[in-house]
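turn this into a model:
(4 chains)
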There are 2 protein chains.
Amino acid sequence: MDARALTALRTVGTQGGVTAAARVLHLTPSAVSQQVAGLERELGLELTERVGRGVRLTAAGEALAAAAVDVEVALERARAAAQGLRASPTGTVRVSAFASGAQLLLPGLLARTAALPGVRVECSDDDVAQDAFVGLTDLIDVVIAHRPDGSPGWGGGVVVRPLLREPLDVAVAPTHPLAGRRVVEASDLVDEDWVAVREGFPVARVLAEVGALVGALGGTAPRVRHRINDFHVAAALVGAGHGVSLLPRYTFGADPRVRLVPLAGVRAGRRVEALVRRDKAERVVVRRVLAELTALAAQIAGEDAGAVADDADQGVSTSLPRA
Amino acid sequence: MDARALTALRTVGTQGGVTAAARVLHLTPSAVSQQVAGLERELGLELTERVGRGVRLTAAGEALAAAAVDVEVALERARAAAQGLRASPTGTVRVSAFASGAQLLLPGLLARTAALPGVRVECSDDDVAQDAFVGLTDLIDVVIAHRPDGSPGWGGGVVVRPLLREPLDVAVAPTHPLAGRRVVEASDLVDEDWVAVREGFPVARVLAEVGALVGALGGTAPRVRHRINDFHVAAALVGAGHGVSLLPRYTFGADPRVRLVPLAGVRAGRRVEALVRRDKAERVVVRRVLAELTALAAQIAGEDAGAVADDADQGVSTSLPRA
DNA sequence: CTGACGATGTAGCGTCACTGCATGGACGCG
DNA sequence: CGCGTCCATGCAGTGACGCTACATCGTCAG
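Model (predicted):
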């Protein structure tokens, strides 16, 4: 019963297939298949079952995969126990963020962590669909993810550290009649063209809610003219007068192309959170980087609090184990 | 960071040396040495230090060894999680007991477990010094150990399951003046020759206490004539009139060679307990055998309760995790 | 039916851990 | 003080195990 084989099995579960798991583990599909086969032989029971041309974990497989995380946690804790006696943490941490979150947080994070000797932070940006964020934690230590305001959460096996709640404001062109307003009511937005994100991506649901509200007032569904995932492209369209949109306040508050006006009476916002797989959360370096990240986020949220009156709801704190 | 290497390190700690650990792990000393060397290279710090011609774990080594148990527990729990979905536990369990405990418990245990299909129990008897019992848990799943009545305990890393408290009675020859008595006072024993066990073995301390009491009354230290570890040899000597001794009630109550008389006013007894290493305690089969063992012990203690009035103190219950 | 994808066996190969042996230091004994 | 013993640890050789590459089979889409 090798920890390596358990990891392979768990990855097959999280990635949803042998080939996908092999990609993450930097192996060939054959190797992964042999690992789980060996595990099945040792235990004398089936851990995977074929479904279509792919595979799925059986009940026993799921149970074993869940337990596998505990093994990795214990291993990581062992490393930490030995190295914890050393002075300061050392190592490299992989951080990933969705595009706008990366723009908002990564420069500051790199600036802060540059001051820590022996700590290397490697960044990447991955904009994926809502349900793909957790899968990224197999490859990346700290995944900065976002989700709309009252959405269910992320599921087990992963530690969630809330970073900030970023309000979504109505973005209009500087020449737009609403551009000078301090706040805007839903009723003001009847009969506007909208620039929205693609379905399945985090902010889509918020826009749908706002749209429903506006539609209820105006008697018609919101007119979504464009589907743009990149906020910068959306900002360019809005700035050129091709419609209005919802844009995150901290990231686009100072963008000259658009004016952001808070939306009154509607809870429009997204939660930005750091996702870390439980075993990786045991690494001392990861904890250190995570601490810097939360401090940075608190700083950003604090700067905004002085400028704009905002609901103070920062979400329930999902604390780290052994905080 | 291999779980196998961690086990090697931990065993070096518990067994107190590379060679001893190698014996337990069925390896050569060279292999064990290379395992810990690899661990040290990977972590970049010293885990062992030389002391005399042997080695000892450093602080970091101790920390890592302690964490290693958690890894093994997690691994074992993973096995159990997968196999727990199967109907009944299966496998072989190694049980060891000190000589008189083996005589008292092992036949009954084998009778009970014979009824369990797929469960094999392999027995052995190991009579070792007080502080060597825990070391046995590296090689044996369930170690039946004994210790005098108020002794400190066994230390960490091992699960303790109390089985029974066996009173120690004064053993005299059938022809001895005290043979017919219902109880015997300490004052009755002044000026007797004693048959004791070797120093460092479990019952030695009890005899020392009784001896001190007797000595205080008689004004002289107890005369220890013979040092006999095997209770059967001791019984033979006592039966032949070569002195008195302290013998466990359940094991020698029906022995024709001696008469056992309870000792009034002195807490003379030994605790019989099962020692299981934490990771092995996760195995379902081991739990099953342990359940049979405790039931058997309770039955034996119950039979005695009807015959002789005894203090009901059975010791604090050190419960198993996830009982 | 054909092409593509995904999982899984098989052959070949490289790597790694173990054994056997030799070395060096530490303790005990004559 | 030197000798033998014991213990830990290097080093060369070997065997086993896991990985890659390739081929095969089943499944789904067009």
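
which outside residues touch stretch A:122-132?
Outside stretch A:122-132, the residues within contact range by Cβ atoms under 8 Å, 6 or more residues apart in numbering or on different chains are A:92-99, A:102, A:106, A:109-110, A:135-136, A:140, A:143, A:147, A:151, A:200-202, A:229. Glycine gets a C-beta too; all of them are placed from N, C-alpha and C.

buried residues in it?
For stretch A:122-132, burial by neighbour count (16 or more other Cβ atoms under 10 Å in any protein chain shown) applies to A:Cys123, A:Asp126, A:Asp127, A:Val128, A:Gln130.

pull the residues that contact the helix or strand hosting A:Leu296.
Assigned by DSSP states H and E, A:Leu296 belongs to helix A:284-307. Applying Cβ under 8 Å, 6+ apart, the contact partners of helix A:284-307 are A:80, A:83-84, A:89-93, A:95, A:104-105, A:108-109, A:112-113, A:116, A:119, A:121, A:141-142, A:144, A:161, A:163-165, A:249-250, A:253, A:272, A:274, A:276, A:280-281, A:310, A:312, A:314, A:320.

DNA strand C contacts on chain A?
A:17-20, A:29-30, A:33-34, A:36-37, A:48, A:50, A:53-55 (Cβ under 7 Å from any atom of the strand).

those helices in the stretch 1-150 of chain A, which residues are they?
Taking DSSP state H, counting those that start in this stretch to define them, one finds helices in the stretch 1-150 of chain A at A:3-15, A:18-25, A:29-43, A:59-83, A:99-114, A:133-136.

which ChimeraX command selects the buried ones in the contacts of stretch A:122-132?
Buried residues within these, by 16+ other Cβ under 10 Å, are selected in ChimeraX with:
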select /A:93,94,95,96,97,98,102,106,109,135,136,140,143,147,201,202
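
how far out from the middle of the chain is the helix or strand bottoming out on mean pLDDT in chain A?
Across the helices and strands of chain A, mean pLDDT, DSSP states H and E gives its lowest value to helix A:204-218, namely a mean of 71. Remark: helix A:204-218 is offset 24 Å from the chain centroid, using Cα atoms, centre = their mean, to the nearest Å.

stretch A:40-50 now?
34 Å.

close to chain B, is it?
Yes: Stretch A:40-50 reaches chain B (Cβ under 8 Å from any Cβ of the partner chain) through A:Leu43, A:Leu45, A:Leu47.

could you give the mean pLDDT of that stretch?
Average pLDDT, stretch A:40-50: 93.

re earlier: quick check: the farthest pair among the buried residues of stretch A:122-132?
Of all pairs drawn from these, the widest gap by Cβ to Cβ lies between A:Cys123 and A:Gln130 and measures 21.5 Å.

quick one: low-confidence ranges for the stretch 51-200 of chain A?
Along the stretch 51-200 of chain A, segments meeting pLDDT under 70 span A:86-87.

quick one: name the residues of it near DNA strand D.
So the stretch 51-200 of chain A meets DNA strand D at A:Gly52, A:Arg53 (Cβ under 7 Å from any atom of the strand).

just the pLDDT for the closest residue to A:Arg112 other than its chain neighbours.
Leaving aside its chain neighbours, A:Arg112 sits nearest to A:Glu292 (4.5 Å; criterion: Cβ to Cβ, 6 or more residues apart in numbering or on different chains). Looking at A:Glu292, its pLDDT reads 96.

helix or strand: which one has A:Val159?
strand A:158-172.

listing partners with orientation, what would you give for that strand?
Its sheet considered, strand A:158-172 pairs with strand A:244-248 (antiparallel), strand A:259-261 (antiparallel), strand A:269-277 (antiparallel) by DSSP bridges.

next SSE downstream of that strand?
Next in sequence after strand A:158-172, counting helices and strands by DSSP H and E, comes strand A:193-196.

list the contacts of that following strand.
Strand A:193-196 is contacted from outside by A:204, A:207, A:211, A:222-228, A:234, A:237-238, A:242-245, using Cβ under 8 Å, 6+ apart.

and the residue of the stretch 101-250 of chain A that's closest to chain B?
A:Gly118 (12.0 Å; Cβ to the nearest Cβ).

if I look at that residue, how far off is A:Val284?
Counting by Cβ to Cβ, to the nearest Å, the gap from A:Gly118 to A:Val284 is 11 Å.

A:Arg277 too?
Taking Cβ to Cβ, one finds A:Arg277 at 15 Å from A:Val284.

compare the two (neighbour count), which wins?
Using other Cβ atoms under 10 Å in any protein chain shown as the criterion, A:Arg277 and A:Val284 rank with A:Arg277 on top: 26 against 17.

where does the more buried one land on pLDDT?
For A:Arg277, pLDDT reads 95.

OK, contacts around the nearest residue to it once chain neighbours are set aside?
Leaving out its chain neighbours, the residue that sits closest to A:Arg277 by Cβ to Cβ, 6+ apart is A:Thr137, at 4.3 Å. By Cβ under 8 Å, 6+ apart, the contact list for A:Thr137 reads A:Val143, A:Val158, A:Leu275, A:Val276, A:Arg277, A:Lys280.
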